[in-house]
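Chemist: here is a sequence with its predicted model. Questions after.
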Amino acid sequence: MKIKRYYHINFFRTAILMLSMIACGGPKDVNQDSSDSGTRKVKTAFSKLQNVEQDLDFTGNVEPFEQYTISPALQLRIKKIYVDVGDRVKKGQLLVQMDPSQLIQTKAQLNNLEKEYARLDTLFRTGSVSEQQLEQIKTELDVLRANYQNLQENTRLVAPGNGIVTARNFEDGDMYNMALGKGILTVMQINPVQVNLNIPERYYPSVHKGMPVSLRLDVYPDTIFRGTVHLKYPALNSGSRTFTVETLFPNRQELIRPGMFGRINIVFETLERVTVPDLAVQKQQGTDDYFVFVVNNGRVNRKEVKIGKHVGEYFEVIQGLDVGEEVVVEGLAGLLDGAKVDVIE
């Protein structure tokens, strides 16, 4: 029995010794204080200069580059509409044939009046009619010729440019009425497409024709469409203090459609800016204020910073930090202003 009791005593001593070794010899986290001095172990990095694009995001609606309303300038009956919604048309293509009755009638009148003018002109040369009579018939002929030309233009309606039919408001046999305020057809040119932006006046000197822009659409969240500034308006809106810019985007596959909502990004310039790793930037809880811990002579000092763009794994620092300052990137939990630190690799 004495031998068995001796065995139990040694077993418990061994277990206590092993627990003591685990408690004392385990690795320490970088957040843990040193056992003898109370200093915090931290990892650091240095602020540095990087090229940062100075850009802005805008929103706008996609519009066609050109939009044509196909309708006559006269009240005529529609004889035939040759296209429908969704059809692609080419410049000069016949789209609508109006009733030619007035055109035929006016042509007959024009032929008769031209014959009458030729007859009077012959008589005038022989002195049989006065110059006043000849001038009167000439005036009537000029008016009738203008009417005939107008009827020609309004009887055969052709496409003024390439595009796609986006609306058809009448049918064959309908009487076109201008008072309704809508055309027979609407044709849009959608390659390229256009987005108009209103930009704050302080950026006016930075915007120029041809500068690149990018477009994102909610319906294609993973696609960036590239375009350019097409036109910068020369006058500003005195009320909003903005100026209008037209941007164009090639649309050969016709993925972009008029009416879509887009987000446009413009890079105005690229500047050298102070940057710090994003791990170093802390946000004051309940505010929009940010700060970093800067290491000086073995202690940390809390510095308020104004941040800008997030560039990769870095934040642009607009205010509050200089190039080459050493900032804490690991060991930030519970770190206080003025705390002693031990920088580890």
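Modeler: The structure has been received and is ready for your questions.

Chemist: what's the spacing between stretch 334-345 and its chain's center?
Modeler: Computed by C-alpha atoms, centre = their mean, to the nearest Å, the chain-centroid distance of stretch 334-345 equals 46 Å.

Chemist: got the buried residues for it?
Modeler: By 16 or more other C-beta atoms under 10 Å, the buried positions in stretch 334-345 come out as 335, 339, 341. (Each C-beta comes from the backbone N, C-alpha and C, glycine too.)

Chemist: just stretch 228-240 next, same as before
Modeler: 229-230, 236.

Chemist: just stretch 291-306 next, same as before
Modeler: 291-295, 300, 303, 305.

Chemist: quick one: which of those residues sit in strands?
Modeler: 291-295, 300, 303, 305 (DSSP state E).

Chemist: hmm, which two among those are most spread apart?
Modeler: Farthest-apart pair in these is 295 and 305; separation 15.1 Å (C-beta to C-beta).

Chemist: residue ranges in this protein under the pLDDT threshold?
Modeler: 1-37 (pLDDT under 70).

Chemist: between the ones in strands among the buried residues of stretch 291-306, which is closest to residue 63?
Modeler: Of those, the one sitting nearest to residue 63 (C-beta to C-beta) turns out to be residue 305, at 41.3 Å.

Chemist: phi, psi of the residue nearest the centre of the chain?
Modeler: Nearest to the geometric centre of the chain sits residue 264, at 2.3 Å (C-alpha atoms, centre = their mean). Main-chain dihedrals, residue 264, degrees, to the nearest 10: phi -110, psi 130.

Chemist: that older thread, can you lay out the buried residues of stretch 291-306 as TSV showing distance to residue 39?
Modeler: Output for those, formatted as TSV (distance: C-beta to C-beta, whole Å):
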residue	distance to residue 39
291	21
292	19
293	14
294	16
295	12
300	11
303	20
305	24
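
Chemist: so where do the strands sit in the stretch 101-250 of the chain?
Modeler: 156-158, 163-168, 185-200, 212-217, 220-232, 242-249 (DSSP state E, counting those that start in this stretch).

Chemist: present those as TSV; the columns should include distance to residue 116.
Modeler: Shown next, in TSV, are those (distance: least, C-beta to C-beta, whole Å):
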stretch	distance to residue 116
strand 156-158	28
strand 163-168	44
strand 185-200	40
strand 212-217	63
strand 220-232	53
strand 242-249	54
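
Chemist: residue 130: which of these is closest?
Modeler: Closest among these, once you apply C-beta to C-beta, is strand 156-158, at 40.2 Å.
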